[in-house]
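1. Just the structure for this:
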Amino acid sequence: MTTIVQKTLVIFKPDAVQRGIVGEILTRFERVGLKIVGTKMIFPTREQYYKHYEEIGKMVSRRGEHAFGVTLDFMTQGPVIAMVFEGVEAVALVRKLVGPTEPKAAEMGTIRGDFSHMSFGYADVEDKGIPNLIHASGDPEEAEKEIDHWFADSELYEYQALHEKFTR
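-> Residues are numbered from 1 along each chain as shown. Below is the predicted model of the structure:
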């Protein structure tokens, strides 16, 4: 059997950065054997988010213009930390750790289940973006496109981590 080593994008959203819980969340990714191969703090523009959420993620097509606008308003409230992780089946592993998009539906033990709680219903009534802490690529193809959007090749690093002996 061939080992599938993948890269995936994680964006620590403004709520994670502003709450000061990035380090605590990051620890969970590292503990399972994911390796950081790229990282930066940025304050993206609406145009950058448009490409991310619509051109790559097709959010307007899936959820409509209003949901898209509310999401962009939420995401532009502050800086984010973008990271690329590498590991065995990294995309699925990160999705498992993060939990479902709606925090209310996330099981305890997942990042969203432990650190957020809002429901889509409440966010809709309040007409606000849902603070769910992290964006995580949905599948390997999306991860590749998102990484290309947020990182130049020169910002991604190859190196041997000590724990890879046990996690690969």
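2. drop to CA atoms for contacts and neighbour counts, all remaining ones
-> Noted.
3. So which residues make contact with the helix or strand of the chain with the lowest mean pLDDT?
-> Within the chain, judged by mean pLDDT, DSSP states H and E, the helix or strand with the poorest mean is helix 59-63; its value is a mean of 76. Outside of helix 59-63, the residues within contact range by CA atoms under 8 Å, 6 or more residues apart in numbering are 53-54, 67-68.
4. Inside helices: which ones of these?
-> For the contacts of helix 59-63, membership in helices holds for 67-68, with DSSP state H as the criterion.
5. Need the contacts of helix 59-63 in CSV (columns: pLDDT).
-> Rendered in CSV, the data for the contacts of helix 59-63 read as follows (pLDDT from 0 to 100):
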residue, pLDDT
53, 85
54, 82
67, 81
68, 83
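6. Give the residue spans of this structure that score low on pLDDT.
-> Counting by pLDDT under 70, the chain has low-confidence residues at 1-3.
7. quick revisit: quick one: which of the contacts of helix 59-63 is the most crowded by neighbours?
-> residue 68 (21 neighbours; other CA atoms under 10 Å).
8. List the contacts of that one.
-> Taking CA under 8 Å, 6+ apart, we find residue 68 in contact with 53, 59-60.
9. go on, residue 77?
-> Listed by CA under 8 Å, 6+ apart, the contact partners of residue 77 are residue 14.
10. ditto for the one 3 residues further on
-> Contacts here follow CA under 8 Å, 6+ apart; on that basis residue 80 touches 11-14, 17, 41-44.
11. which parts of stretch 27-47 are buried?
-> Across stretch 27-47, burial judged by 16 or more other CA atoms under 10 Å covers 28-29, 33-39.
12. oh, I was asking about stretch 121-141
-> Neighbour counts using 16+ other CA under 10 Å place 128-134, 136-137, 140 of stretch 121-141 among the buried residues.
13. Any chance you could list what contacts it?
-> Outside of stretch 121-141, the residues that reach it under the criterion CA under 8 Å, 6+ apart are 6-16, 67, 70-74, 91-92, 94-95, 98, 101-103, 112, 115-116, 118-120, 143, 146.
14. same check, this time on stretch 20-27
-> For stretch 20-27, the surrounding residues in contact (CA under 8 Å, 6+ apart) are 12, 16, 111.
15. which element is the second one on?
-> Read that as residue 16. Here residue 16, judged by DSSP states H and E, is contained in helix 14-19.
16. Could you pull out the helices in the protein for me?
-> According to DSSP H, the chain carries its helices in the segments 14-19, 22-31, 46-50, 59-63, 65-75, 90-98, 111-115, 120-126, 140-150, 164-167.
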